[in-house]
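Student: Sharing a model that was predicted from the sequence below.
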Amino acid sequence: MNTLETTKKPILLSKKGMKELKKSVSKLERRQRQIISELRELDKTDGHDQRLARIEKLAELETVESQLADKQLYLSNAQLFPRKRDAIRVAIGSVVELIDKNGRVIQYQLVDSIEANPSDGRISASSPLGQTLLGRTIKETISWGSKFGSMQLTLVRIS
């Protein structure tokens, strides 16, 4: 049984994350209908190649239905971030600005791992950096280890 099923803990998502999750569910539902339609067409034919194609379609349908069930479960437990967040301490949903030792400003939003996308500025609250940031306040220096060595950033803004 999926741990999400047993805990029923709400998943906090940004508006963008919620929209992406709904879009993903819709896409999987369309693909599911398409595969079922293709299977119906294969049922009308009789031949060795068609039987193999049917087996492949059934396997694809099983994969799509599994992904769809997972996404629908996430969606049923998803909630938008609270509108008012404490801008004093970093929490899930916070947007933080950090400055590295070279003076570069880096901006991230802490999100649930389901919508994390570092290249889009969204990092998981369960990532090493995310865990280090949670509960921190402005002007604190954050240090954490990564595969590139130890990193240090200064927290300059929380929104």
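Tutor: Alright, I've got the coordinates. Numbering: from 1, shown residues only.
Student: Next one: Leu134 from Val64, what distance?
Tutor: As judged by CB to CB, to the nearest Å, Leu134 and Val64 stand 35 Å apart. Any C-beta I mention is one placed from the backbone N, CA and C, and that applies to glycine too.
Student: more crowded one of those two?
Tutor: Val64 (20 against 15; other CB atoms under 10 Å).
Student: Enumerate every residue touching that one.
Tutor: Residues near Val64 by CB atoms under 8 Å, 6 or more residues apart in numbering: 28, 31-32, 35.
Student: Go again with 10 Å.
Tutor: 27-36 (CB atoms under 10 Å, 6 or more residues apart in numbering).
Student: which one among these gets closest to Thr154?
Tutor: Thr154 has its nearest neighbour among these in Lys27, at 40.6 Å by CB to CB.
Student: distance of the closest one from Arg40?
Tutor: In terms of CB to CB, Lys27 sits 21 Å off from Arg40.
Student: And for Ala91?
Tutor: 50 Å.
Student: and those two? which has more neighbours close in?
Tutor: Per other CB under 10 Å, whichever of Ala91 and Arg40 has more neighbours is Ala91, with 19 against 9.
Student: which SS class is that one?
Tutor: With DSSP: H, G, I helix; E, B strand; the rest coil as the basis, Ala91 sits in coil.
Student: Pretty sure it sits against Leu133.
Tutor: Yes. At 9.4 Å, Ala91 counts as touching Leu133 under the criterion of CB atoms under 10 Å.
Student: how about the helices of this protein, start to end?
Tutor: Taking DSSP state H as the criterion, the chain carries its helices at 3-7, 15-43, 48-77, 128-133.
Student: Pipe the ones you listed into TSV and attach mean pLDDT and distance to Thr154 per row.
Tutor: Listed next are these as TSV, based on pLDDT from 0 to 100; distance: least, CB to CB, whole Å:
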stretch	mean pLDDT	distance to Thr154
helix 3-7	46	35
helix 15-43	91	27
helix 48-77	90	34
helix 128-133	88	12
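Student: Output those helices as a markdown table; include the columns distance to Asp100.
Tutor: As requested, the helices of the chain are exported to a markdown table (distance: least, CB to CB, whole Å):
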| stretch | distance to Asp100 |
| --- | --- |
| helix 3-7 | 35 |
| helix 15-43 | 25 |
| helix 48-77 | 33 |
| helix 128-133 | 12 |
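Student: Sounds good, over and out.
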